[in-house]
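>>> Build me a structure from this.
(one chain, ligands or ions: 1)
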Amino acid sequence: MALLEIKKYPDKILRKKALPVKDTQDEALQQLIDNMVETMYDAPGMGLAAPQVGVSLRLCVIDITSGKEPENLYVLINPEIVETSGGEETAEEGCLSIPGYYYEVKRAAQLVVSYTDRDGKKTQLKADGLLSRAIQHEIDHLNALLFIDRIGSVKKDMFKRKYKKELARA
Ligand code: NI
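Below is the predicted model:
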């Protein structure tokens with residue numbers, strides 16, 4: 001296994017819509033999954049989408065316990081939200097591609113997501129709370145969206161100015 005480089009905003013790959021995975025049993029894909037899980041736990045983070053490591057495929061890994069309870073690890077291949085419910089909830093989010101910035105984001109409280117697991121089995125998952133939020137955040141990445149696109153234009157402009165200054169200093 002190997003740690004992967006996490007692409008940071010404004011890397012262009014984060015703005016590219018990811019393509020569906022065709023062969024879930026492909027050896028390179030399975031290795032990518034292992035490396036993404038390792039990279040997520042090392043960061044540490046609660047989720048990582050393939051575009052964040054430079055691979056434009058519809059694949060993400062999520063563990064809201066950041067590895068404390070490995071049975072909470074989900075590998076979602078070609079995920080699709082099929083249903084949302086319970087209204088909306090607002091909570092603070094961050095992103096490994098935009099380190100150090102946290103903003104409140106409104107998300108659907110509950111959802112059902114259909115996906116293919118790493119064994120190639122089609123399945124569904126019902127989620128609420130933090131898991132629901134993490135799934136929506138990661139699927140956004142597959143659709144070239146970032147959480148800063150969901151915080152309103154005033155906050156987003158402030159973020160951009162601050163981030164630019166920080167990049168200039170680095
Ligand atoms: Ni993110």
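
>>> List the residues that contact the spatially most central residue of the chain.
Geometric centre of the chain, nearest residue: residue 138, 2.5 Å, by Cα atoms, centre = their mean. By Cβ atoms under 8 Å, 6 or more residues apart in numbering, the contact set of residue 138 is 47-49, 60, 62, 76, 79. C-betas here are computed from N, CA, C, even on glycine.

>>> Helices along this protein, start to end?
27-42, 129-142, 153-169 (DSSP state H).

>>> can you redo these as CSV with distance to residue 101 and mean pLDDT?
Below are the helices of the chain laid out as CSV (distance: least, Cβ to Cβ, whole Å; pLDDT from 0 to 100):
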stretch, distance to residue 101, mean pLDDT
helix 27-42, 18, 98
helix 129-142, 13, 98
helix 153-169, 6, 95
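
>>> Residue 90: how many residues sit nearby?
Using other Cβ atoms under 10 Å, residue 90 is surrounded by 10 other residues.

>>> buried ones in the lowest-mean-pLDDT helix or strand in the chain?
Comparing helices and strands within the chain by mean pLDDT, DSSP states H and E singles out helix 153-169 as the least confident, with a mean of 95. By neighbour count with 16 or more other Cβ atoms under 10 Å, helix 153-169 contains the buried residues 159, 163.

>>> for stretch 11-31, same thing?
Buried, per 16+ other Cβ under 10 Å, within stretch 11-31: 13-14, 18, 21, 24, 29.

>>> Just flag the most distant two among those residues.
14 and 24 (23.6 Å; Cβ to Cβ).

>>> was I right about residue 54 contacting residue 12?
No: look at residue 54 against residue 12 with Cβ atoms under 8 Å: they stay out of range, at 10.4 Å.

>>> Relative to the whole chain's centre, how far out is the strand ranked longest in the chain?
When every strand of the chain is counted residue by residue (DSSP state E), the longest turns out to be strand 74-93. Put simply, strand 74-93 sits 11 Å off its chain's centre (Cα atoms, centre = their mean, to the nearest Å).

>>> Please apply the same query to stretch 1-16.
What separates the centre of stretch 1-16 from the centre of its chain is 11 Å, taken as Cα atoms, centre = their mean.

>>> cool, and stretch 125-132?
Mean C-alpha position of stretch 125-132 versus that of the full chain (Cα atoms, centre = their mean) differs by 14 Å.

>>> Right, I'll call it a day here.
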